[in-house]
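**Student:** generate a structure from the sequence data that follows.
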Amino acid sequence: MGDRKRVNVEGDRLSSLPDDLIHKILSFVSIKQAVETSVLSPRWKYIWTSMPYLNFSNQDFWTLLTFSEFVKHVLSGRNNQIKVSSVDLTFIGTVRQKFVTRIMKYAFSHDVQQLNITCLSAKMLDTTRFHSRSLKHFTLTGSSHKLTCRSPTTWKMQALATLNLYCVTLHDANTDK
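**Tutor:** Purely as a prediction, here's the structure:
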């Protein structure tokens, strides 16, 4: 057998990372996984509360009810002094419009700059209440079955620079057609 050297590392290296770097690392996982990292060390216990990137996906949950409760917990436990730079919302199945609106209101009230919504089997989404002064990039993706969105004749998004629509049909909210 070869000689193995044992390296003794002093302290907790994860805890010494700056918040910005931890946030960047956690931006690649769902917010559920980010919350789960709170068990890594005392320093990480509340790091999720200051995440500027919120990646919500109901694929991490057995039911839409538990997903909804988790989202409510995250939004109520989050540090409201921190702006939200990016929100990703992915869901399969039908979700209540009120649920989506709650997330959007929260994001817009915290100056979100990038919003990605992926609806993988919902048929209809009401976007008439999407108003933001800070939103710069908006991507809306439906499934191959096409997503129909009720939209006003004008969206109040003064800063919008990029709009991406994939498998989406816009429906004028002022008509029945």
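**Student:** pairing partners for the helix or strand L140 falls within, with directions?
**Tutor:** Element membership for L140 (DSSP states H and E) is strand 137-141. In the sheet, strand 137-141 lines up against strand 114-119 (parallel), strand 162-166 (parallel) (DSSP bridges).
**Student:** pick the most buried one from those.
**Tutor:** strand 114-119 (a mean of 21; mean count of other Cβ atoms under 10 Å). Yep, even glycine has a C-beta here, placed from its N, CA and C like the rest.
**Student:** so where's the chain shaky on pLDDT?
**Tutor:** The model of the chain has pLDDT under 70 over residues 1-12, 122-123, 144-146, 151-154, 172-177.
**Student:** how about the helices in it?
**Tutor:** 19-26, 31-36, 64-77, 97-109 (DSSP state H).
**Student:** using CSV, write down the CA coordinates of the last one.
**Tutor:** These are the backbone C-alpha positions of helix 97-109, laid out as CSV (Å, rounded to 0.1, in the frame of the first residue of the first chain):
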residue,chain,number,x,y,z
GLN,A,97,-53.5,32.2,-11.1
LYS,A,98,-53.5,33.8,-7.6
PHE,A,99,-50.4,31.7,-6.8
VAL,A,100,-48.5,32.9,-9.9
THR,A,101,-49.7,36.5,-9.3
ARG,A,102,-48.4,36.4,-5.7
ILE,A,103,-44.9,35.4,-6.9
MET,A,104,-44.9,38.0,-9.6
LYS,A,105,-46.0,40.8,-7.2
TYR,A,106,-43.3,39.8,-4.8
ALA,A,107,-40.7,39.8,-7.6
PHE,A,108,-41.8,43.1,-9.1
SER,A,109,-41.9,44.8,-5.7
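**Student:** mind listing what's buried in it?
**Tutor:** For helix 97-109, burial by neighbour count (16 or more other Cβ atoms under 10 Å) applies to 97, 99-100, 103-104, 106-108.
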